[in-house]
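Peer 1: Sequence and predicted structure below; questions after.
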Amino acid sequence: MPAPAPLAALHRDHLRQLTQRYQAALATEQLGGVVLLAGAPAFHFLDDTTASWKPNPHFSLFAPLPDAAGSAVLVPAEGEAVLLHLQPDDFWHAPPKAPRGAWLDALDFKTITSEAARDQEIAQWAAAQRGAVVTLGPGHRDPAGFRARVDFARAQKTPYELACLRAANRVAVKGHRAVQAGFEAGESEFALHLRYLAATDHEDHELPYTNIIGLDERGAILHYHHRRREAGPGESLLIDAGASYAGYAADITRSYARSPGPFQALIDAMDRLQQGLIAQLRPGIPWPAMQSACMGALAEVLVDSGLAMASKEAVLEAGLPECFMPHGLGHLLGIQVHDAGGQLADASGTLAPPPAQHPALRLTRTLEENVVVTVEPGLYFIPRFLKALREGPHHALLNWPLVEAMTPYGGIRIEDNVRITADGVENFTRDAFAAEA
Ligand code: GLY
Ligand code: MN
Ligand code: MN
């Protein structure tokens with residue numbers, strides 16, 4: 001579907017800005033151009049069918065064409081980028097849809113009908129550039145220095161990207177609302193997944209990541225990808241499900257209890273914790289400091305709920321919050337659900353590894369305006385961590401009857417997608433839920 005007029009104008013500006021970004025990186029790296037190969041789906045072993053596939057995200061940043069296998073974008077050191085769109089002359093399969101829309105004005109566009117023709121076009125184009133041409137795509141040596149420069153810059157989204165991320169949140173929230181109703185009706189994980197696909201108008205492979213829909217104790221499996229066909233008991237639900245808009249991802253989690261009680265009280269406490277953390281976000285804050293703030297707030301929840309029977313300080317000292325939330329507070333979000341560049345200290349590719357106490361942190365950067373992140377604190381009753389606590393030196397800090405009563409509910413995660421503004425945040429997810437209500 002062609003983009004509506006205002007988005008189309010933003011899209012053209014985005015492509016110009018993106019081209020400038022890639023050209024600045026080419027200039028710094030003293031390169032003559034870069035070939036961004038979309039890639040192609042892989043065949044299953046000893047089979048003639050393929051796995052589901054997503055294009056190289058660098059290709060997708062320029063060309064929002066999810067089915068453009070075999071296509072390429074060529075970015076010269078100066079002048080317009082070129083889209084080589086492969087539409088093979090093939091009677092077995094429908095060719096990829098022809099690109100349409102005003103965004104094509106910002107690129108040179110050429111249709112080719114075979115991989116050989118594409119390779120010939122690329123070779124001719126590369127020979128005409130002044131300076132070495134690198135290839136960024138599957139099967140090629142990673143131009144790591146160049147890639148660090150464009151990945152670092154990618155954290156700050158253009159107005160077009162922000163519009164797409166807002167729209168992806170609105171689509172995902174339709175699915176979340178539908179699943180909430182299905183949970184109230186007592187449906188199975190599989191039925192809830194089908195409801196989600198229908199409400200978001202997505203096929204499975206169009207989702208930015210595999211839906212996580214866990215009833216009861218399955219909420220404690222951080223990336224739970226099975227879908228049980230049987231319904232009961234369904235006392236709790238954790239749904240982590242996104243949507244794609246023009247290739248941009250939403251990544252939203254909600255947690256539900258069927259009845260009021262201590263687990264619902266924990267959900268409410270985690271919701272307040274999440275909103276409290278979001279209220280602290282602004283440019284200049286290092287993300288690892290937010291992870292520490294999250295662990296402090298989680299220690300308070302453990303104490304206030306009665307799960308832990310000790311001071312907040314003792315709970316932190318014993319490392320209990322990390323046992324109940326063994327993942328990072330959030331990550332960059334964009335054309336990829338875990339967007340690139342989260343652990344880059346600078347554009348030259350210096351890495352900022354996660355601090356020792358937070359090894360799972362995907363994001364170690366300092367926040368800047370128009371960076372989009374997820375904020376996804378959790379609290380899970382994960383059997384292997386509970387066993388280690390039960391058998392370890394901090395056994396006496398926990399209220400085991402309450403821990404055991406909560407374990408069948410699995411866990412809680414509440415995940416929103418937010419843009420850092422000059423003095424705070426824009427919460428795409430809460431805005432979308434409010435609009436849907
Ligand atoms: N849905 C994967 C994540 O939250 O990072
Ligand atoms: Mn998620
Ligand atoms: Mn996430």
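Peer 2: That came through, no problem. Ligands and ions are numbered 1, 2, ... in the order given.

Peer 1: neighbours of the residue in the stretch 1-150 of the chain that ligand 3 sits nearest to, just the number please.
Peer 2: At 16.3 Å from ligand 3, Pro57 is the closest residue in the stretch 1-150 of the chain, using Cβ to the ion. For the C-beta atoms, the positions are set from N, CA and C on the backbone; glycine is no exception. For Pro57, the neighbour count with other Cβ atoms under 10 Å is 17.

Peer 1: pretty sure it contacts Gln336?
Peer 2: Yes: shown here, Pro57 and Gln336 form a contact pair, counting by Cβ atoms under 8 Å, at 5.1 Å.

Peer 1: show me the contacts for the residue of the stretch 1-150 of the chain closest to ligand 3.
Peer 2: For Pro57, the contact set (Cβ atoms under 8 Å, 6 or more residues apart in numbering) comprises Ile335, Gln336, Ala340.

Peer 1: Return the distance of the first one relative to Asp47.
Peer 2: Per Cβ to Cβ, to the nearest Å, Ile335 is found 29 Å from Asp47.

Peer 1: Same check on the second one?
Peer 2: Separation of Gln336 from Asp47 (Cβ to Cβ) stands at 27 Å.

Peer 1: And for Glu203?
Peer 2: In terms of Cβ to Cβ, Glu203 sits 21 Å off from Asp47.

Peer 1: Count the residues that sit near the residue in the stretch 201-350 of the chain that ligand 3 sits nearest to.
Peer 2: Nearest residue of the stretch 201-350 of the chain to ligand 3: Asp251, at 4.2 Å (Cβ to the ion). Neighbour count of Asp251, defined by other Cβ under 10 Å: 26.

Peer 1: Report the mean confidence score over the helix or strand containing it.
Peer 2: For Asp251, the host element (DSSP states H and E) is strand 248-257. The pLDDT scores in strand 248-257 average 98.

Peer 1: which other helices and strands contact the next helix or strand after that strand?
Peer 2: Under the assignment DSSP H and E, the closest C-terminal helix or strand after strand 248-257 is helix 262-278. If you count contacts as 3 or more Cβ pairs under 8 Å, 6 or more residues apart in numbering; DSSP states H and E, helix 262-278 packs onto strand 248-257, helix 287-304, strand 372-375, strand 378-380, helix 400-406, strand 411-413, strand 416-420.

Peer 1: ok, Phe59 - contacts?
Peer 2: Leu36, Leu37, Ala38, Gly39, Ala68, Ser71, Ala72, Val73, Gly137.

Peer 1: I misspoke; the intended subject was Arg384.
Peer 2: Arg384 neighbours (Cβ under 8 Å, 6+ apart): none.

Peer 1: Three-state assignment for it, please.
Peer 2: With DSSP: H, G, I helix; E, B strand; the rest coil as the basis, the three-state label of Arg384 is helix.

Peer 1: Relative to Arg390, how far out is Trp400?
Peer 2: 7 Å.

Peer 1: okay, now the closest residue to Asp105 other than its chain neighbours: neighbour count?
Peer 2: Distance criterion Cβ to Cβ, 6 or more residues apart in numbering; nearest residue to Asp105, sequence neighbours excluded, is Arg12 at 6.2 Å. By other Cβ under 10 Å, the residues close to Arg12 number 19.

Peer 1: Give me the pLDDT for Arg12.
Peer 2: Arg12 is given a pLDDT of 95.

Peer 1: And for Leu31?
Peer 2: Looking at Leu31, its pLDDT stands at 98.

Peer 1: before we move on, what about Asp89?
Peer 2: Per-residue confidence (pLDDT) for Asp89: 88.

Peer 1: pretty sure Trp53 is touching Ala40, no?
Peer 2: Yes: using Cβ under 8 Å, Trp53 makes contact with Ala40 at a distance of 7.1 Å.

Peer 1: of those two, who's got more company?
Peer 2: Under the criterion of other Cβ under 10 Å, the comparison of Trp53 against Ala40 puts Ala40 first, with 18 against 14.

Peer 1: Now do the SS call for Gly214.
Peer 2: Applying three-state DSSP: Gly214 is strand.

Peer 1: How about the contacts made by the closest residue to His176 other than its chain neighbours?
Peer 2: Leaving aside its sequence neighbours, His176 sits nearest to Arg254 (Cβ to Cβ, 6+ apart; 5.7 Å). Arg254 makes contacts with His176, Gln180, Leu238, Ile239, Ile414, Glu415, as judged by Cβ under 8 Å, 6+ apart.

Peer 1: buried residues in stretch 218-234?
Peer 2: Buried positions in stretch 218-234, judged by neighbour count with 16 or more other Cβ atoms under 10 Å: Arg218, Gly219, Ala220, Ile221, Leu222, Tyr224, Arg227, Arg228, Gly234.

Peer 1: what does the stretch 151-300 of the chain put close to ligand 2?
Peer 2: When proximity is defined by Cβ under 5 Å from the ion, the stretch 151-300 of the chain lies next to ligand 2 at Asp240, Asp251, Thr253.
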